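Enquirer: Here is my input; please provide its structure:
(one chain, ligands or ions: 1)
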Amino acid sequence: MRGVVLAALLLLPPPGATNCSGCHAAGSGNVAINGRDAGELAGLMNSYRSGALASTAMGRLMKGLLPADIDAIAAWVSVQK
Ligand code: HEC
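Expert: Below is the predicted model of the structure:
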C-alpha cells in the first residue's frame, strides 16, 4: 500500500515542480536536474534556501518553498527523464 501511495505521489507533480523545467530543460543553458538523486537535489535546494550556496535565481525561488515542498519536488524531479 505504501508503495502505491508513493508511486502516485511521484507521478503527480507537487506544487511548484513544473516551474523547474522552464529554466532547467535540456538546452536551456542551465544545469540539468532531471533524474538526479533526490537527496542531492534537496541538499542543493536547501542550501540555496538558507543562503549557504550563493545564487542568482535559486535562493529567491527556494525561499518561497517549505522544506516539505522541497523534499516532494526533489523526489519528483529525480524520477523525471
Ligand atoms: C528562473 C530560472 C530557474 C527556475 C524556475 C529554477 N531554477 Fe534551478 N537554477 C537556476 C540557476 C540560474 C541555477 C544556478 C544557481 C543560481 O545562480 O541560481 C540553478 C541551480 C539549480 C540546482 C543546482 C544544480 C547543481 O548541480 O549545482 C538545482 C538542484 C536546481 N537549480 C533545482 C531547481 C528546481 C528543483 C527548480 C523548481 C522548483 C528550479 N531549480 C527552478 C535557475 C532556475
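Enquirer: after the host helix or strand of Gly22 comes which helix or strand?
Expert: Under the criterion of DSSP states H and E, Gly22 resides in helix 20-24. Next in sequence after helix 20-24, counting helices and strands by DSSP H and E, comes helix 38-50.
Enquirer: what does the chain have sitting close to the ligand?
Expert: 16, 19-20, 22-24, 30-31, 33, 41, 44-45, 55-58, 61, 73, 77 (Cβ under 6 Å from any ligand atom). C-beta here means a position set from N, CA and C on the backbone, and glycine is covered the same way.
Enquirer: Of these, keep whichever come out buried.
Expert: For the residues of the chain next to the ligand, a burial check counting by 16 or more other Cβ atoms under 10 Å picks out 16, 20, 24, 33, 41, 44-45, 58, 61, 73, 77.
Enquirer: ok, of those residues, which one's closest to Pro67?
Expert: Met45 (9.3 Å; Cβ to Cβ).
Enquirer: that older thread, of all the buried ones among the residues of the chain next to the ligand, which two lie farthest apart?
Expert: In terms of Cβ to Cβ, those reach their longest pairwise distance at Gly16 and Leu44, which sit 15.5 Å apart.
Enquirer: so Ile73, which of the three states?
Expert: State at Ile73, reduced to three classes by DSSP: H, G, I helix; E, B strand; the rest coil: helix.
Enquirer: Kindly report the same for the one 3 residues further on.
Expert: Under the three-state scheme (three-state DSSP), Trp76 adopts helix.
Enquirer: what's the spacing between it and Gly51?
Expert: 24 Å (Cβ to Cβ, to the nearest Å).
Enquirer: again with Ala72
Expert: To Gly51, Ala72 is 22 Å away according to Cβ to Cβ.
Enquirer: So between these two, which is more surrounded?
Expert: A direct count of neighbours by other Cβ atoms under 10 Å for Ala72 and Gly51 places Ala72 higher, at 22 against 11.
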